[in-house]
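# after the sequence you'll find the predicted model.
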Amino acid sequence: MKNITITMFIILVVVVLGLYLITFQVRETESALVTRFGKPVREITDPGLCSKWPAPIERVHRFDSRMQVFEADLGETTTKGAVPIIVNTYIVWRIAEPLKFLNAVGTVKEAKEKLYSQITDTQNRVIGQHSFGEFVNSDTTKIKFKDIEDEMLSDLKQTVSDEYGIEVKTLGIKQLKVSKDVTVKVFERMKAARSQKTEATISEGQGQATKIKGDANLKSSVLLTAAEARAEAIRGRGDAEAAKHYKKLDEDPEFAIFLRNIESLEKILKDGGSTIFLPPDSEPFKLLKEVPSLEPKK
Amino acid sequence: MAKEDKQSNKDLQPQAPDKSATEDLDAAGKSLSEALRISFIILKVIMVVLILAFLASGFKTVGSDEQALVLRFGKIRGVGEKRVLKPRTWPYWVFPYPVDTMVKIPVEKKEDLVIRSFWYYQTQERMLAEPSIEKPRVLPTLDPINDGYCITRSEKLDEPISGSGESDYNIVHCKWQLTYQIYDPERFFTNVYVKEVKPGDIYFDVITKSTTPLLQSLFEDAIVTATVNYTIDDVMYEQVEGLTDDVRKLLQEKLDTIESGLKVVRIQMIDKTWPLQVDAAFQALVTASQDLETSISEARTYEERTLNEVAGPVAQELFAALQDKTFSEEEMDSLWSQLAGTAQEKITEARAYRAKVVAGARANAEYFQELLPEYRKRPELVIQKIYQDAIERVFKNVDEKFIIPKGAEWRILVNRDPSLKPKNQQGAND
């Protein structure tokens, strides 16, 4: 019994060691290349358990198949109209074909060097076919920024896939700038545009304020005129009502006029400060001249 | 046969050339045998324990903020939804390494990424310092290496500024913040490069560090692509939400194109400014805009005050009614009754005049009618009485009375009282 246990244990160890030597795993995030005596014999891109001859007969070279980002340096290029622009282009890439990658490039570091020059070439070639107005334009229908990025991607994708076994998933421009000297001109233009806007705003403000005040004065005038008209009508009604009472004076107009004259005289000389010159024979001052001759009534 | 038996008997029987040495050997052998036996027992126990521990190491938990994938010999185990293990109260059991490997992906944690690539260069001290009134020294240009910025399109002008064209553009500085999380752990694990986790590292920190360069590039690309479609005023004031929305859509599109398993939770533009080189011009417009608001506000105040003085709170309504001929007389009367101000004073004066005139006329008529019978009886006496009484009252108020005899020549100096000078002479002397 003891011997069987030991034997089984030994067999298990041998089996495990044996499996370790002749199998290997390829993870979901990897691809692998098997070389026999240094010569590539098999490319594995599907994950799972695989077999091989033990080293040194066969060796496994692993490659990370996940996406990585790589960006070229900020560089100057020119557009179709010879307008210089400064761009920083990046790509998201992965190793798709390990055999081709190993043969053409070898390591990720070397791959980045190759990609750098490829990106720069593509960048210059594609951007050189488009005017600056397709990058930025006051007419948004003329902006083709995204289309230019797609064009660069198409231009680069096939080349690096065919030559290096690299798949470029996406490409983009992450910085779009202009040179130092150009920024001076841009600032001058921005200042001029702002000045124009400032003047327009000031004029608009003055105009609106003037209009509001003018409207207010007009409304005020209309309201006062309407009020005056209404007041005139009221006064007219008053005069008409008063006139009804004047009909009663028709019984003796002369006497009525006399009474009205007396009233006027009193009102005119009511406030004082007047000087009057009278002849000596006016009533009652003629009494100052002489005694009147009177006879009693019989 | 007998000899053989005897021989074999002899063989079977232990030979004891030296009886004490043999006994020693037996004791040693027994000890060794016992020791070996105990060792094997211990070894067996250890093996059993190890096997149990090995099997027990297959129990794994998935935290509430995680989801997990099980790799069997490197390949994700399961089909459909079962490929991703969700959190639960009891642990999962998987074959221990090297058969199965469990990879846990944090899917609930949200991480922030701030982009300062589009901001002008600031020294570390400047960045950490409190904002001060004193403006930093500004160079006349922007250095493309050190200074970051976005390019925005110009507005379409009816009268373009001389020397400008369609491809005119402006420059704006901005800072952005992205909040993201992993929403598809399988895609994320399979497609996005994450550095190897070393002992002592926190997996989430390793993920964040690994994904930052990728997210930064995609985010900046989205910002640059979106911003060229907006003007500087859109970015600064008018279309901030629209721009942020466009950036979010573009970024999510890119993340989905590369099958990253990442989701944009939120994007914010946390700061923005025009270039410091054009600060004066922009500030002048801000001031002009504020002055515009002030002018209009003052004009509205003037309007309100003027109309209130003229007609009170009902002024606007009354004015509209006067222009609109469809108002009925009752509606107009109702409005007139609410009148105040100068207009109301006019109406009030008119009403007072009316009342006075009517009352005066009535009084005069009544006085006349009372006197008339007496006048008809004694006309001369009544006339004289009324006349004399009036003359008395009048002369009481007269300052000077002169009775001039006939034939005498009088020269009169008028307006001897300075208080009675005519107004035009008074103005000249002042």
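Ah, there it is.
# could you chop chain B up by domain?
Structural domains annotated on chain B: B:36-104, B:111-125+B:138-157+B:166-274, B:341-429, as defined by automatic domain parsing.
# which of those is buried the deepest?
Comparing the domains of chain B by mean neighbour count (mean count of other C-beta atoms under 10 Å in any protein chain shown), domain B:111-125+B:138-157+B:166-274 ranks first with a mean of 18. Just so you know, the C-beta spots here come from the backbone N, C-alpha and C atoms, and that holds for glycine as well.
# contacts only, for the residue in the stretch 101-250 of chain A that chain B sits nearest to.
The minimum distance from the stretch 101-250 of chain A to chain B, using C-beta to the nearest C-beta, falls at A:G238 (2.8 Å). Contact partners of A:G238, counting by C-beta atoms under 8 Å, 6 or more residues apart in numbering or on different chains, are B:A350, B:Y353, B:R354, B:A355, B:K356, B:V357, B:V358.
# quick one: contacts for the fourth one?
Translated: B:A355. A:G238.
# give me the element it is part of.
helix B:341-377 (DSSP states H and E).
# between the two ends of stretch B:394-411, how far is it?
Using C-alpha to C-alpha, to the nearest Å, one end of stretch B:394-411 lies 25 Å from the other.
# now do it: everything it contacts.
A:265-266, A:269-280, A:285, A:288.
# go on, stretch A:262-277?
So stretch A:262-277 is in contact with B:364, B:386-387, B:390, B:393-395, B:397-404, B:410, B:412, B:414, B:417, B:420, going by C-beta under 8 Å, 6+ apart.
# before we move on, back to that, reformat the contacts of A:G238 as CSV; add pLDDT.
Shown next, in CSV, are those (pLDDT from 0 to 100):
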residue, pLDDT
B:A350, 95
B:Y353, 95
B:R354, 95
B:A355, 95
B:K356, 94
B:V357, 93
B:V358, 94
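# now for the residues you listed: which two are most distant?
Farthest pair in those (C-beta to C-beta) is B:A350 and B:V358. Separation: 12.4 Å.
# which one is the closest residue to chain A within chain B nearest to, not counting chain neighbours?
Residue nearest to chain A within chain B: B:R354 (2.8 Å; C-beta to the nearest C-beta). In this structure, B:R354 finds its nearest non-sequential neighbour in A:G238, 2.8 Å apart by C-beta to C-beta, 6 or more residues apart in numbering or on different chains.
# remind me which residues of the stretch 151-300 of chain B are low pLDDT?
B:157-167 (pLDDT under 70).
# please, where are all the strands along it?
Listed in chain order, the strands of the stretch 151-300 of chain B (DSSP state E, counting those that start in this stretch) span B:169-182, B:262-273.
# those strands: which one's closest to A:F70?
It is, among these and with distance given as C-beta to C-beta, strand B:262-273, at 18.4 Å.
# all helices of the chain, in order?
This is for chain A. Using DSSP state H, the helices found in chain A span residues A:2-22, A:98-104, A:108-127, A:145-164, A:180-246, A:253-268.
# can you look at chain B instead?
Remark: helices assigned in chain B by DSSP H are B:2-12, B:19-56, B:124-128, B:185-191, B:203-227, B:232-233, B:240-257, B:279-311, B:315-323, B:329-337, B:341-377, B:379-397, B:423-429.
# now for these, which one comes closest to A:P56?
Using C-beta to C-beta, the helices of chain B put helix B:19-56 closest to A:P56, at 30.9 Å.
# check which helices and strands that closest one sits against.
helix A:2-22 (3 or more C-beta pairs under 8 Å, 6 or more residues apart in numbering or on different chains; DSSP states H and E).
# what sits against the nearest residue to A:E251 once chain neighbours are set aside?
The shortest distance from A:E251 to any non-neighbouring residue, by C-beta to C-beta, 6+ apart, is to B:L372 (6.2 Å). Contact analysis of B:L372 by C-beta under 8 Å, 6+ apart lists A:E251, A:D252, A:F255.
# roughly how far does the second one sit from chain B?
Spelled out, that is A:D252. As judged by C-beta to the nearest C-beta, to the nearest Å, A:D252 and chain B stand 6 Å apart.
# thought that residue was touching B:P373?
No: A:D252 lies out of contact with B:P373 (C-beta atoms under 8 Å); the separation is 10.8 Å.
# return the most buried member of the helices of chain A.
helix A:98-104 (a mean of 19).
# other SSEs contacting it?
strand A:30-36, strand A:39-44, strand A:58-64, helix A:145-164.
# counting contacts, what elements does the longest one pack onto?
Looking back up the chat, that one is helix A:145-164. Using 3+ C-beta pairs under 8 Å, 6+ apart: helix A:145-164 touches strand A:84-95, helix A:98-104, helix A:108-127, strand A:166-177, helix B:203-227.
# out of the ones you listed, nearest to B:I51?
It's helix B:203-227; of the helices and strands packed on helix A:145-164, that one is closest to B:I51 (C-beta to C-beta) at 29.0 Å.
# dihedrals phi and psi, B:S64?
phi -70, psi -20 (degrees, to the nearest 10).
# now the helices of chain A as CSV including mean pLDDT?
CSV is the format used below for these (pLDDT from 0 to 100):
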stretch, mean pLDDT
helix A:2-22, 83
helix A:98-104, 91
helix A:108-127, 94
helix A:145-164, 93
helix A:180-246, 93
helix A:253-268, 86
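# just so I know, which of those lies nearest A:T79?
helix A:108-127 (5.9 Å).
# quick one: that closest one to strand A:84-95, angle?
Helix A:108-127 and strand A:84-95 meet at an angle of 140 degrees, taking axes from the mean of the first three to the mean of the last three C-alpha atoms, to 10 degrees as the criterion.
# and helix A:108-127, what does it pack onto?
strand A:68-71, strand A:75-78, strand A:84-95, helix A:145-164, strand A:166-177.
# go again with 6 Å.
strand A:75-78, helix A:145-164 (3 or more C-beta pairs under 6 Å, 6 or more residues apart in numbering or on different chains; DSSP states H and E).
# pipe the ones you listed into JSON lines and attach distance to B:S328 per row.
Formatted as JSON lines, the helices and strands packed on helix A:108-127 follow (distance: least, C-beta to C-beta, whole Å):
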{"stretch": "strand A:75-78", "distance to B:S328": "77"}
{"stretch": "helix A:145-164", "distance to B:S328": "64"}
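# if we can go back for a sec, could you export the contacts of B:L372 as JSON lines, including distance to B:V107?
Formatted as JSON lines, those follow (distance: C-beta to C-beta, whole Å):
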{"residue": "A:E251", "distance to B:V107": "113"}
{"residue": "A:D252", "distance to B:V107": "116"}
{"residue": "A:F255", "distance to B:V107": "116"}
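# which one of those is nearest B:P96?
Nearest to B:P96 among the contacts of B:L372, with distances taken as C-beta to C-beta, is A:E251, at 137.6 Å.
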